[in-house]
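1. Just to be clear, the model below is a prediction. Sequence and coordinates:
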Amino acid sequence: MPIAEQTADPRIPVTVLTGFLGAGKTTLLNHLLTANHGQKIAVIVNEFGEIGIDNQLVVGADEEIFEMNNGCICCTVRGDLIRILSELMAAKQGGGSRKKVNFDRVLIETTGLADPAPVAQTFFVDEHIADFYKLDAIVTVVDARHADQHLDEGHEAQEQVAFADVLLVNKVDLVSEEQLAQLEQRLQTMNPLAKLYRTQQSDIDVHKILGINAFDLEQKLELEPGFLEEEHHDHDDEVASLFFRENRPLDLNKLERFLQVWLSEHGADTFRYKGILHIQGVKQRIIFQGIHMLFASTPDKEWKPNETPRSEFVVIGRNLDEAWFRQQFAACIAG
Ligand SMILES: Nc1nc2c(ncn2[C@@H]2O[C@H](COP(=O)(O)OP(=O)(O)OP(=O)(O)O)[C@@H](O)[C@H]2O)c(=O)[nH]1
């Protein structure tokens, strides 16, 4: 079945695959490339210490594969990523000395140690890139067997969970139902925005991964049902989420001041935030989201007469000072 893009946006969608070392990213990539979706996919792979085919186009079956091997994608390589994306763009447009290459979407497989933030930010910061590509989703593969250990030990694993739009809990064959349920709860507490699926051999319907528009500002905020109602275990994870809900309208000026302080003082610790705002005097819902200091808000459709206007948003971050956030947010209520 073809992948239906959910918007009329003509830009090329990009999916970022991340996940713990050995979690099943390459298995997922192969699955996505061989699934019957009728699309041509350009692949950018970032491997540590492997001999790459730098700056050369390798024509596979239906895919174009670029390899980046001069370091970790998140530190030194953002420039490289921009370069490769620009080259792909030129190739699609038939520019430069390169032969014309056609593709419908891009998949980026990051190393197991990569922080996905700089990768995601590339699509917002670089205008040239943002005009041609749009980030579709960040997909994080989690090794069900080793997840607890990875999460206890490493910042990277926690950040990969924090940034995910989709979490694939893979290798379900290696753990019990009870272990799975516990892990899922831990993941959901860290990131209630992500859609969570269980997989074996990263086997999943491609439509749950590609063309899901998770970064679309118009997309409605979807939280896992029951997230607010459930009791969550405290794992003492540094990465956690805060959920805000308020029926009273917010004062735009106060909110802007709050955001200024938030982003300058806590931007580094807030990985993802996303939600809908009800602003005093504004008929439309305001959708907003951000990554660290990068933040965007857009007016959406008007509140319907049968809807209760309200603000609802989630902040996912490290060592969040809940009392501070709640106090600052409360001060934004109009009146
Ligand atoms: N038992 C089991 N093994 C799996 C499953 N999915 C993948 N594997 C195996 O796990 C190993 C690692 O899978 P990869 O897809 O290479 O993982 P990766 O995330 O790309 O690994 P790195 O690139 O090293 O980070 C391979 O031997 C896979 O066959 C699963 O659901 N169950």
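-> Looks like it came in fine. Nothing here was measured: the structure is a model prediction, and the numbers come from that model.
2. Pull the number of nearby residues for residue 194.
-> 27 (other Cβ atoms under 10 Å). Placement of C-beta: from N, CA and C, glycine included.
3. pLDDT score for it?
-> Per-residue confidence (pLDDT) for residue 194: 90.
4. Next: residue 243.
-> 88.
5. do the same with residue 236
-> Among the per-residue scores, residue 236 holds a pLDDT of 63.
6. All the helices of this protein, in order from the start?
-> Using DSSP state H, the helices assigned to the chain run over residues 25-34, 78-93, 116-125, 127-132, 147-153, 155-163, 177-190, 252-266, 322-330.
7. Using neighbour counts, pick out the buried residues of the last one.
-> When burial is assessed from 16 or more other Cβ atoms under 10 Å, helix 322-330 yields the following buried residues: 325, 328-329.
8. Which residues does it contact?
-> Here helix 322-330 makes contact (Cβ atoms under 8 Å, 6 or more residues apart in numbering) with 242, 244, 246, 258, 261-262, 315.
9. The same query, at a cut-off of 10 Å, please.
-> Helix 322-330 is contacted from outside by 240, 242, 244, 246, 248, 250, 254-255, 257-259, 261-262, 265-266, 270, 311, 313, 315, 317, 321, using Cβ atoms under 10 Å, 6 or more residues apart in numbering.
10. Give me the buried entries from these.
-> So, by 16+ other Cβ under 10 Å, the buried ones in the contacts of helix 322-330 are 240, 242, 244, 246, 250, 254-255, 258-259, 262, 266, 270, 311, 313, 315, 317.
11. just to revisit the earlier point, do you know which of the helices of the chain lies nearest the ligand?
-> helix 25-34 (3.3 Å; Cβ to the nearest ligand atom).
12. just checking, what packs against the closest one?
-> strand 12-19, strand 41-46, strand 63-68, strand 105-109, strand 133-143, strand 166-170 (3 or more Cβ pairs under 10 Å, 6 or more residues apart in numbering; DSSP states H and E).
13. and the last one, what's its mean pLDDT?
-> In other words, strand 166-170. On average, strand 166-170 scores 97.
14. Within range of the ligand, give me the residues from the stretch 151-300 of the chain.
-> Applying Cβ under 6 Å from any ligand atom, one finds that the stretch 151-300 of the chain approaches the ligand through 170-171, 173-174, 200-202.
15. Could you chop the chain up by domain?
-> Domain assignment of the chain by automatic domain parsing yields the ranges 12-208, 239-330.
16. what's the most buried one of those?
-> domain 12-208 (a mean of 19; mean count of other Cβ atoms under 10 Å).
17. residue contacts, residue 333?
-> Counting by Cβ under 10 Å, 6+ apart, residue 333 has contacts 246-251, 254-255, 280, 311.
18. Residue 294 versus that one, what's the distance?
-> Per Cβ to Cβ, to the nearest Å, residue 333 is found 26 Å from residue 294.
19. ok, for residue 237, nearest residue in space, not its chain neighbours?
-> Closest residue to residue 237 apart from its sequence neighbours, by Cβ to Cβ, 6 or more residues apart in numbering: residue 190 at 5.8 Å.
20. Is the one you found in contact with residue 161, as I believe?
-> Yes. In this structure, residue 190 is within contact of residue 161 by Cβ atoms under 10 Å, at 5.1 Å.
21. tell me, what's touching the two both at once?
-> Contact with both residue 190 and residue 161 is made by residues 151, 167, 237, 239, 271, 316, according to Cβ under 10 Å, 6+ apart.
22. from the residues you listed, which is closest to the ligand?
-> residue 167 (13.9 Å).
23. Tell me the spacing between that closest one and residue 146.
-> 15 Å.
24. now do residue 17
-> Noted for residue 17: a distance of 18 Å to residue 146, by Cβ to Cβ.
25. confidence score at residue 294?
-> So, for residue 294, pLDDT stands at 79.
26. same thing with residue 150?
-> pLDDT, read off for residue 150, is 86.
27. could the shared contacts of residue 190 and residue 161 be laid out in a markdown table, adding distance to residue 124?
-> Formatted as a markdown table, the shared contacts of residue 190 and residue 161 follow (distance: Cβ to Cβ, whole Å):
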| residue | distance to residue 124 |
| --- | --- |
| 151 | 27 |
| 167 | 22 |
| 237 | 26 |
| 239 | 21 |
| 271 | 14 |
| 316 | 17 |
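28. any idea which of those is closest to residue 35?
-> Comparing the shared contacts of residue 190 and residue 161 against residue 35 with Cβ to Cβ places residue 167 closest, at 19.5 Å.
29. Give the bridge partners for the closest one, please.
-> Bridge pairing for residue 167 (DSSP bridges) gives the partners residue 140, residue 196.
30. show me the contacts for it.
-> With contact set as Cβ under 10 Å, 6+ apart, residue 167 has these partners: 19, 138-142, 147, 160-161, 183-184, 187-188, 190-191, 193-198.
31. do that again at 7 Å, thanks
-> 140, 142, 161, 187, 194, 196 (Cβ atoms under 7 Å, 6 or more residues apart in numbering).
32. likewise residue 183?
-> Going by Cβ under 7 Å, 6+ apart, residue 183 touches 144, 147-148, 169.
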